[in-house]
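**Q** okay, predicted coordinates and the sequence, questions at the end:
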Amino acid sequence: MDSFSTTRRDFLRASAAGATALALDLSVLRPVLAGTALPATAHEYRDYRDIYRRKWTWDRVSVGTHTCTNCASGGCSWNLYVREGIVWREEQGAPYTQTNPTVPDYNPRGCQKGAAASALARSPARLRYPMKRVGPRGGNRWKRISWDEALDEIARQMVDTLSTRGGVGAYCENGNNADFGPSWIAMVRFFNTLGIPVTENFAGSGDLMTGATATLGNPVPGASSDDWFRTDYFVNWFGNPVTTRIPDAHFITEARYRGAKIVSITPDFSPSAIHADLWIPVRPGTDAALALAACKVIIDENLHDVPYIIEQTDLPLLVRTDTQRLLREADVVPGGRQECFAWWDGDKNAVAWSASSAGVDPAQRTLKLAPGDHPVLEPRNAQVTLASGETVALRSAFALLREKLAACDLASASRITGVNPKVIQRFAREFATAKSAMIYAGAAMGKILHGDLVQRAQILLAALTGNNGRAGGGWQEMTFFELDGKLLAAFVDHVNDLSADDPQGIWAALAEMGKQQAQSPLYVSGSLMMLMNGGSYETQLQPEYNDPTLKRTPEQFLREAIARGEIPNLPGPELGNPDIVFNMFGNPFRHNRMGERLEKTLFAKAKLVVDLTLRMDDTARHADILLPSAGPYEKLGFKYSIAYPPYLHLGDKAVEPPGEAKPDWEILSLLMQRIVAEAKRRDVTTVKTYRGVPYDLGQAYWRFSDKERLGPKDEERIMEIILALSPATRGMSMAALRANKGALRYTGVSQLGKMWCGTTEDYRMDEPLVPYQDMVVRKRPWPTSSGRQQFYLDHPVFLEVGEELPVHKEPPRAGGRYPLTMTCGHTRWSVHTLWRDLDLMLRLQRGEPVIFVNPGDARARGIGEHDLVDVYNDLGTFVVRVKLTPGIQPGQVHIYHAWGAYQFVGGKSNDSIAASPVKVTQFISQGHMANGVGWYEPTQNDRDTRVDMRRHVA
Ligand code: SF4
């Protein structure tokens with residue numbers, strides 16, 4: 001290192017001016033080559049070869065991963081090569097041990113974004129200093145200010161607002177680029193202490209699978225990715241894992257080598273479809289018709305697994321023919337239970353109450369049939385005498401399903417989906433007869449209006465064939481190893497008093513947390529915030545953009561649900577006039593459909609907009625004060641504990657943040673100190689949370705910091721608390737993680753959030769994780785009202801709109817009557833917007849936004865390759881380059897997501913014309929479908945958007 005004289009400060013200055021790629025940026029050397037005077041910082045370089053040779057030298061190697069990056073991978077181990085306080089490059093680690101000799105291992109993990117994360121840290125978009133807006137908001141003119149100036153100004157406005165309006169006068173926009181460590185905990189402790197609501201955006205980004213919640217009682221079921229290897233029939237449905245699951249996709253390839261058949265069901269010939277044995281090019285949005293036609297083939301040909309269906313699903317349960325509602329004990333027995341359902345006993349010729357029902361005494365609840373039980377799947381002439389004395393006829397849910405499926409014959413399904421009937425039939429037979437068949441359910445499914453129906457139809461296919469709960473089988477999304485310690489550290493003031501050796505103390509703390517959250521919940525629905533207050537109300541509720549079979553307007557359904565009190569996390573008009581908007585972990589101008597409307601609504605009303613951010617983006621441009629956040633290699637954190645790799649990943653602090661950037665925990669600790677000091681200076685004491693609960697603002701830092709036991713620099717202590725209080729990480733330590741390249745295999749599953757781990761208690765470190773073992777092996781009830789996989793939903797709204805059973809509904813005309821459907825997908829070259837303008841990634845593609853178009857559609861409009869086109873509908877127009885490909889269906893155009901609006905000619909993105917109609921069944925609340933954030937709530941969608949296009953005229 002003696003001759004390496006570029007100092008860290010000089011380097012950062014250079015990179016801030018636009019030099020982006022290590023010292024290989026030849027602009028530094030140009031004076032040398034020209035024979036002119038050497039710049040002081042490069043005087044020892046003779047030419048570029050010096051840099052090339054010394055590229056492979058370093059001071060030390062640290063370990064890390066990419067926290068606060070929502071790649072949804074669960075993490076990857078990286079060696080970080082540090083020289084003069086800069087991470088110059090990264091290289092994949094290989095610390096993973098084989099689960100057992102029957103499955104491949106996880107080594108190495110990573111993706112090209114991870115390999116370019118050190119470049120991202122130095123990119124021109126990176127924020128290094130606190131900044132204050134100069135000139136009009138959105139004008140993107142800034143001046144550098146000190147941390148003191150920034151924190152004092154925010155603290156003054158916070159105390160103004162809290163003392164006059166309480167927490168209702170502010171809110172925090174929250175995205176999904178958080179960690180499972182001090183950064184997220186800082187946000188929760190800060191806003192929860194102050195009683196300021198935070199938007200939850202799992203549904204807002206369209207990732208929430210409400211069809212899975214409705215059917216399985218779990219929106220995120222899934223296996224570890226080494227279980228993919230064990231399948232005999234892998235169906236990639238609505239996903240693109242080759243692009244979006246780069247570290248795990250090898251298990252699919254390896255399964256294929258093992259002999260598994262790989263099927264891809266996607267409208268476009270996607271990067272994943274290329275690697276399939278069978279590609280089924282379904283018309284966009286018609287997947288439910290395909291799944292239901294396959295179900296009909298399976299039932300018609302007696303390929304369904306009757307014992308499994310009787311034991312594990314609600315299909316034997318009885319439905320009243322007069323009301324179409326499930327028969328409940330309360331209908332028959334005076335004072336009987338509401339959530340107690342019945343099947344028909346063939347021997348006794350009578351109704352029998354299902355012991356799996358949610359209304360049954362927990363000690364008695366089971367899926368196991370008693371020796372004398374003989375449930376019938378399709379009883380004939382079943383009837384019951386009600387408590388009123390009236391007699392009603394009964395039919396099983398299975399009989400009603402068979403009737404509904406009559407409309408899903410192969411010819412009809414072929415007309416709807418565009419898929420040859422023989423292909424549908426072959427798919428159904430192969431799926432049903434495979435030893436294990438798995439549906440890899442892409443999260444894109446949540447991004448169409450009727451995505452819930454697609455999910456329910458797919459899960460039905462997996463259930464009819466007995467695959468849910470089978471090793472290498474079943475409907476799989478993604479699941480989590482919940483870290484109990486993370487929740488405790490976030491929500492419990494006195495977390496330092498808790499100990500894993502004192503379970504009673506932990507349960508008491510959790511009870512306290514539950515009480516506090518019931519009074520003043522931290523989270524409100526991000527998608528409903530946008531709907532109610534973000535300027536998209538009329539558009540999202542526009543009947544013409546919704547299901548044309550609805551007999552009432554979507555707004556009437558919403559008003560009725562509000563009146564019935566079915567939406568507890570509704571951010572109503574009381575939150576529509578904020579003094580302060582704070583933003584963390586996201587880019588709401590981008591991740592919300594029509595997010596740019598925030599500029600003229602919530603942002604326009606705010607006196608102060610604060611963005612705590614890593615880099616400049618569309619949202620940061622519209623803020624007043626920017627607070628520079630440390631990046632993944634510059635702070636401590638744990639990666640999201642997604643279970644594809646059953647490993648916890650440590651994001652270690654390899655280097656100091658550039659400029660004056662700070663870790664989120666430190667920033668919010670310092671800000672809380674300033675708020676309390678300002679409150680004391682002004683003698684402000686009691687203020688109210690946004691739900692009107694009083695608290696002492698003077699005590700806010702005392703509570704936030706757990707009696708000053710968690711200071712601004714105490715990230716490591718928080719990490720230790722998480723490890724100590726989480727059953728999934730029992731026995732782990734920071735030292736052990738560091739010694740094992742930042743990754744250790746989970747040792748157990750959470751008791752608190754067992755459900756998030758696919759509802760299984762018997763996780764073993766030497767076996768792939770398979771969900772639902774508690775139900776299929778232990779016969780414990782599913783977490784649904786019936787205690788079974790629930791396909792019959794009898795809330796009056798489901799009955800009204802004809803969705804009590806899975807059905808196909810035509811995709812809506814979101815955005816108007818236009819001939820093309822604009823689909824979208826997660827991009828290969830960025831994790832959401834974070835890498836979208838990084839030159840290293842742009843060089844691997846076209847360098848600017850492109851839309852993929854079928855050559856026939858382009859020809860019909862006089863459009864050629866690389867032309868600029870106007871893409872338009874009722875909502876507006878955006879301008880984009882065309883890439884022609886026969887891999888896109890006629891009638892479809894496709895654009896990969898997360899381009900910033902500033903990257904388009906004219907500054908408008910595809911998100912600006914995504915009408916995102918709301919699904920009226922997502923307004924309801926019933927039983928296990930209790931409306932709530934991240935569980936069951938309205939989602940945003942964009943992949944039903946209708947458009948047309950024409951050549952752009954400058
Ligand atoms: Fe792995 Fe995510 Fe990092 Fe890529 S960005 S290397 S998937 S942790």
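**A** Yes, it's here. Residues are numbered from 1 along each chain as shown.
**Q** CA only for contacts and neighbour counts going forward, please
**A** Will do.
**Q** what does the chain put close to the ligand?
**A** 65-66, 71, 73, 75-76, 110-111, 113-114, 247 (Cα under 6 Å from any ligand atom).
**Q** which of those scores worst on pLDDT?
**A** Here the lowest pLDDT out of the residues of the chain next to the ligand sits on residue 73, with 89.
**Q** residue contacts, that one?
**A** 245, 247, 642, 644-645 (Cα atoms under 8 Å, 6 or more residues apart in numbering).
**Q** out of those, flag the one nearest to residue 702.
**A** Residue 702 has its nearest neighbour among those in residue 642, at 32.8 Å by Cα to Cα.
**Q** check residue 761 and give its pLDDT.
**A** Reported pLDDT at residue 761 in the predicted model: 72.
**Q** correct me, but it touches residue 749?
**A** Yes - proximity of residue 761 to residue 749 meets the contact threshold set by Cα atoms under 8 Å, at 6.8 Å.
**Q** comparing those two, which residue is more hemmed in?
**A** Remark: of residue 761 and residue 749, residue 749 carries more neighbours, 27 against 18, as counted by other Cα atoms under 10 Å.
**Q** how about the nearest residue to the more buried one, chain neighbours excluded?
**A** residue 728 (4.6 Å; Cα to Cα, 6 or more residues apart in numbering).
**Q** for the one you found, helix, strand, or coil?
**A** Three-state assignment for residue 728 (DSSP: H, G, I helix; E, B strand; the rest coil): helix.
**Q** so how many other residues sit close to it?
**A** Using other Cα under 10 Å, residue 728 has 26 neighbouring residues.
**Q** and it, how far from residue 643?
**A** 11 Å (Cα to Cα, to the nearest Å).
**Q** and if you look at residue 692?
**A** Distance from residue 692 to residue 643, by Cα to Cα: 39 Å.
**Q** am I right that residue 717 is in a helix?
**A** Yes - judged by three-state DSSP, residue 717 forms part of a helix.
**Q** can you pull the contacts of it?
**A** residue 710.
**Q** again, but for the one 3 residues further on
**A** By Cα under 8 Å, 6+ apart, the contact list for residue 720 reads 733-734.
**Q** for it, helix, strand, or coil?
**A** Assignment for residue 720 (three-state DSSP): helix.
**Q** neighbours around residue 257, how many?
**A** Neighbours of residue 257 under the rule other Cα under 10 Å: 11.
**Q** again with the one 3 residues further on
**A** For residue 260, the neighbour count with other Cα under 10 Å is 22.
**Q** nearest to the ligand: which residue in the stretch 151-300 of the chain?
**A** residue 247 (6.0 Å; Cα to the nearest ligand atom).
**Q** pretty sure that residue sits against residue 111.
**A** Yes - taking contacts as Cα under 8 Å, residue 247 lies within contact range of residue 111: 6.4 Å.
**Q** more neighbours: which of these two?
**A** Of the pair residue 247 and residue 111, residue 247 is the one with more neighbours under other Cα under 10 Å, namely 23 against 19.
**Q** got a list of what that one touches?
**A** Counting by Cα under 8 Å, 6+ apart, residue 247 touches 73, 76, 108-111.
**Q** quick check, nearest of the residues you listed to residue 241?
**A** Closest approach between the contacts of residue 247 and residue 241, by Cα to Cα: residue 73, at 10.7 Å.
**Q** the closest one belongs to a strand, doesn't it?
**A** No - under three-state DSSP, residue 73 sits outside any strand and is assigned coil.
**Q** now it: how far from residue 525?
**A** In terms of Cα to Cα, residue 73 sits 24 Å off from residue 525.
**Q** equivalent analysis for residue 356, please.
**A** For residue 356, the distance to residue 525 (Cα to Cα) stands at 31 Å.
**Q** need the longest strand for this structure.
**A** With secondary structure taken from DSSP state E, the chain has its longest strand at strand 876-884.
**Q** residue 785 belongs to a helix?
**A** No - counting by three-state DSSP, residue 785 is located in no helix; its state is coil.
**Q** strands of the stretch 401-550 of the chain, start to end?
**A** Using DSSP state E, counting those that start in this stretch, the strands of the stretch 401-550 of the chain run over residues 437-441, 474-476, 523-525.
**Q** returning to that earlier point: can you add distance to residue 384 and secondary structure and give the contacts of residue 247 back as TSV?
**A** Shown next, in TSV, are the contacts of residue 247 (distance: Cα to Cα, whole Å; DSSP: H, G, I helix; E, B strand; the rest coil):
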residue	distance to residue 384	secondary structure
73	51	coil
76	58	coil
108	61	coil
109	59	coil
110	60	coil
111	60	coil
